[in-house]
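Novice: just a sequence and a predicted model for now, questions to come.
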Amino acid sequence: MSLPKPQERRLSHRRILNRMAKILVGNGTLPRDCLVTDISDGGVRLHIEGFDVPDEFVLMLSGDGFSNKERAYQVVWRLGYEIGAKFLRSVQRSDLAARG
C-alpha cells in the first residue's frame, strides 16, 4: 500500500538546477558561493556551507536563461546546510553598487 503524496503548496513550478551562484550577505562584503538546488518564480532552495545567511539576501545568478539576474530573497526555512527562501523583488545593478 502506498502512502498519499503530500499536498503541493507551491504556486509556481520548481526547476531542479544544481548550479553555482553568488550570494551577497551584507554591505561591503564580497559575494560568497552557494549551490542553487532548485528554483521557481516564487522562491529558491540553496545549499550553503561556511557562512551564515541573513534573513534577507541578494542572489546573483548567471547562465542559461538567467542573463545575470540579481534577486532579493527572504529566508523562510533552514535545515542544516539547506535554506529555502521566497522571492521578494528584482534588484538592479545600481542598487547593488550603492549597498557596497
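Specialist: Received the coordinates, thanks.

Novice: near Arg78, how many other residues are there?
Specialist: Arg78 has 14 neighbours, counted by other CB atoms under 10 Å. Placement of C-beta: from N, CA and C, glycine included.

Novice: in which helix or strand does it reside?
Specialist: Using DSSP states H and E, Arg78 sits within strand 69-79.

Novice: what mean pLDDT does stretch 44-55 have?
Specialist: Over the span of stretch 44-55, the pLDDT mean works out to 94.

Novice: so how far does it reach from one end to the other?
Specialist: In stretch 44-55, first residue to last residue: 14 Å (CA to CA, to the nearest Å).

Novice: can you list contacts of that stretch?
Specialist: Stretch 44-55 is contacted from outside by 14, 21, 23, 25-26, 32, 34-39, 59, 73-75, 81-85, 87, using CB atoms under 8 Å, 6 or more residues apart in numbering.

Novice: if we can go back for a sec, the inter-axis angle of the next helix or strand after the strand holding Arg78 versus strand 69-79?
Specialist: Scanning forward in sequence from strand 69-79 by DSSP H and E, the next helix or strand is strand 82-90. If you take axes from the mean of the first three to the mean of the last three CA atoms, to 10 degrees, strand 82-90 sits at 150 degrees to strand 69-79.
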